[in-house]
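In: the sequence and its predicted three-dimensional model are supplied below.
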Amino acid sequence: MGGSGSGNRWQSGKRTTCHMRVLDIRRLYRKKLLVPGRFFNWMWSRDGERIADINIAVAEYHVTLSYRTRKDGGEWEDRDYPVSLTWTACRFGGQRPWFLCPRCGRRVAVLYGGATFACRHCHNLAYASQREDEMSRAMRRAQKIQNRLGWYDRHDGTKPKGMHWRTFERLAEAYKYYDMRSWLAMAQRFNLFPP
């Protein structure tokens, strides 16, 4: 348990969420698009080029998704179906919207597009981070801290302006830890330790 690559074994056959079209209700809500009676087009692009789009009609307790899809390069098929919405109260006031998955009814913030938009569980998807080995996970964590500290080209050890010293010291220590773990995992993977 917890050894090198132990997180991979259960996820090996699943596709990942990063290869799917994501419809995130939090983004729609932040852009003030969840107004009953509103109709809009949502578009996905890659490298500035449009790859897919969907029409969304908003009602009080649901949104209607309208789009075209084709399976295995066959004929185009029109899709048009409602996805229920629910709202939960926030602790300090206001409300938070959620989709109810059209397949299982689970309350989710994100629907993933395939032939049908549904939750991650219904599409049997894994997060990309669930497939990482020890080296990749440590490298990703070190890189995330490095970006937060503004150390883009190299580890220069400078504290970002406005950051508390206690926070900086905690992040700098965490960076050193994950950086060292990634190097040790790499050395172990390539058998660089002398016998």
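Out: Thanks, I have it.
In: check which helix or strand covers residue 41.
Out: Taking DSSP states H and E as the criterion, residue 41 maps to strand 39-46.
In: contacts for whichever helix or strand comes after that strand, please.
Out: Following strand 39-46 in sequence order, the next helix or strand is strand 49-58 (DSSP H and E). Applying Cβ atoms under 8 Å, 6 or more residues apart in numbering, the external contacts of strand 49-58 come out as 21, 23, 28, 33-45, 63-67, 113. C-beta coordinates here come from the backbone N, C-alpha and C atoms, glycine included.
In: tilt between strand 49-58 and strand 39-46?
Out: Taking axes from the mean of the first three to the mean of the last three Cα atoms, to 10 degrees, strand 49-58 and strand 39-46 form an angle of 160 degrees between their directions.
In: partner strands of strand 49-58, with direction?
Out: Using DSSP bridges, strand 49-58 pairs in its sheet with strand 39-46 (antiparallel), strand 62-69 (antiparallel).
In: can I get it in PDB? Just the C-alpha atoms.
Out: Output of strand 49-58 as PDB, limited to C-alpha atoms (Å, rounded to 0.1, in the frame of the first residue of the first chain):
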ATOM      1  CA  GLU A  49      -9.900  26.900 -33.200                       C
ATOM      2  CA  ARG A  50     -13.500  26.000 -32.500                       C
ATOM      3  CA  ILE A  51     -13.900  22.300 -31.900                       C
ATOM      4  CA  ALA A  52     -17.500  22.000 -30.600                       C
ATOM      5  CA  ASP A  53     -20.400  24.000 -29.400                       C
ATOM      6  CA  ILE A  54     -23.800  23.500 -27.600                       C
ATOM      7  CA  ASN A  55     -26.900  25.600 -27.400                       C
ATOM      8  CA  ILE A  56     -28.300  26.000 -23.900                       C
ATOM      9  CA  ALA A  57     -31.800  27.200 -23.000                       C
ATOM     10  CA  VAL A  58     -32.300  28.100 -19.300                       C
END
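In: follow-up on the earlier one: of the strands paired with strand 49-58, which is nearest residue 79?
Out: With Cβ to Cβ as the criterion, residue 79 lies closest to strand 62-69 of those, at 5.4 Å.
In: could you list the residues in contact with that closest one?
Out: Outside strand 62-69, the residues within contact range by Cβ under 8 Å, 6+ apart are 23, 34, 52-57, 76-85, 99, 115, 117.
In: give the buried subset of those as a PyMOL selection command.
Out: Of those, the buried ones go into a single PyMOL selection, burial set by 16 or more other Cβ atoms under 10 Å:
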select buried, resi 23+34+54+56+57+83+85+99+117
